[in-house]
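> below are the sequence and a predicted model; questions follow.
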Amino acid sequence: MPYATLDDLPPAIHRLPWHAREIFRAAFNAAWQSYADRGPQAQEEIAHRVAWAAVKKRYRKIGDLWIEK
């Protein structure tokens with residue numbers, strides 16, 4: 001299900017910096033719309049993968065911290 005606000009994101013996403021959370025939410029919501037024809041379970045899995053890929057384009061994880069590239 002698409003996320004209306006940053007507060008709606010799963011707990012694991014709250015560890016990301018604020019800007020990375022915005023990237024995740026925007027990418028997830030866009031992918032959710034794009035893959036609506038795949039069925040609810042596949043749609044959510046794909047949307048999560050797309051969102052994480054979008055975050056990883058701008059950020060990298062060093063230890064427990066996410067640092068902008």
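Structure's in. What do you need?
> so, low pLDDT: which residues of this structure?
For the chain, not a single residue meets the criterion pLDDT under 70.
> scan it for its longest helix.
Longest helix in the chain, counting residues (DSSP state H): helix 40-58.
> next SSE after that one?
Using DSSP states H and E, the helix or strand that follows helix 40-58 towards the C-terminus is strand 59-62.
> list the contacts for His19?
58, 68 (Cβ atoms under 8 Å, 6 or more residues apart in numbering). All C-beta spots, glycine's among them, are computed from the backbone N, C-alpha and C.
> name the element it belongs to?
Counting by DSSP H and E, His19 is part of helix 18-34.
> check which helices and strands the longest helix of the chain sits against.
Judged by 3 or more Cβ pairs under 8 Å, 6 or more residues apart in numbering; DSSP states H and E, helix 40-58 is in contact with helix 18-34.
> tell me the buried residues in the helix it packs on?
20-21, 23-25, 27-29, 31-32 (16 or more other Cβ atoms under 10 Å).
> now do stretch 38-51
Result for stretch 38-51 [16+ other Cβ under 10 Å]: buried residues 43-44, 46-48, 50-51.
> can you lay out those residues as TSV showing distance to Pro11?
Shown next, in TSV, are these (distance: Cβ to Cβ, whole Å):
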residue	distance to Pro11
Gln43	21
Glu44	16
Ile46	21
Ala47	17
His48	14
Val50	20
Ala51	15
